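In: how would this look folded up:
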Amino acid sequence: MTTFNPGLAGIPYGAFANPGTSVLLPIALGTTVGYLSRPADTERTYLKIRQPPLRPPARAFGPVWTLLYGLMGYAAHRAVTAAKSDPSSALASADHMRALYSVQLGLNLLWMPLFFRLRHPILALVDIVSLVGINGYLTYLYSSVDSVAGWCQVPYMAWLGFATYLTAGAGYLNDWDISESTLAKRP
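Out: This next block holds a predicted model:
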């Protein structure tokens, strides 16, 4: 049997207790990672790689992710504070939810550097499949304490499913090689 160590819960409870902080933290972190990944280079790479059908235009990702980060932060605020105020109603403790949220946020922020900076679509696919699993579980946990929190996760889960399709499709269509040297050989 495993035990949970609340000292390893990741993001401090205070960030979840304040709805503004809970919403703005993932937006700020996602924006930072986006800019550190050099948007012009990322867009050039995105346009060079072979993509599966239904790929959105590059300019759609910023607004979509801003909305999703805000929703995930708000869902976490509602679920963690509800679990903290009434622990008996939750399937997991507020600390456990905080830890899972912190792990999923870290995995989320890691995807872009894995795919666009390191150019490892297989690692990016492993990352996003892990995200789907963790967030499916978080959605279940959130719904147990606050239905609004659970519903706030639904658009994120849908987008993660779509992003998994895009990641796997791009990896497959490019023979899992999107290195600069491979892309430079393309017309």
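In: Just give me the neighbour total for the residue nearest to residue 180 when sequence neighbours are not counted.
Out: Of all residues beyond its chain neighbours, the one nearest residue 180 is residue 119 (7.2 Å), with distances taken as Cβ to Cβ, 6 or more residues apart in numbering. (C-beta placed from N, C-alpha, C; glycine too.) A count of nearby residues for residue 119, using other Cβ atoms under 10 Å, gives 20.
In: for residue 164, same thing?
Out: Residues near residue 164, counting by other Cβ under 10 Å, number 16.
In: ok, now residue 40?
Out: Counted with other Cβ under 10 Å, residue 40 comes out at 7.
In: one step back: got the contact list for the residue nearest to residue 180?
Out: 45, 178, 179, 180 (Cβ atoms under 8 Å, 6 or more residues apart in numbering).
In: Quick check, pLDDT for the second one.
Out: Yep, that's residue 178 we're talking about. Confidence at residue 178, expressed as pLDDT, is 94.
In: which parts of the lengthiest helix in the chain are buried?
Out: Longest helix of the chain, by residue count under DSSP state H: helix 147-173. Residues 149-150, 152-153, 156-157, 160, 163-164, 166-171 are the ones in helix 147-173 that count as buried (16 or more other Cβ atoms under 10 Å).
In: pLDDT weak spots in this protein?
Out: The model of the chain has pLDDT under 70 over residues 1-9.
In: ok, the most centrally placed residue in the chain to residue 172 distance?
Out: Compute the mean C-alpha point of the chain, and by Cα atoms, centre = their mean the closest residue is residue 108, 3.2 Å away. Applying Cβ to Cβ, to the nearest Å, the value for residue 108 to residue 172 is 22 Å.
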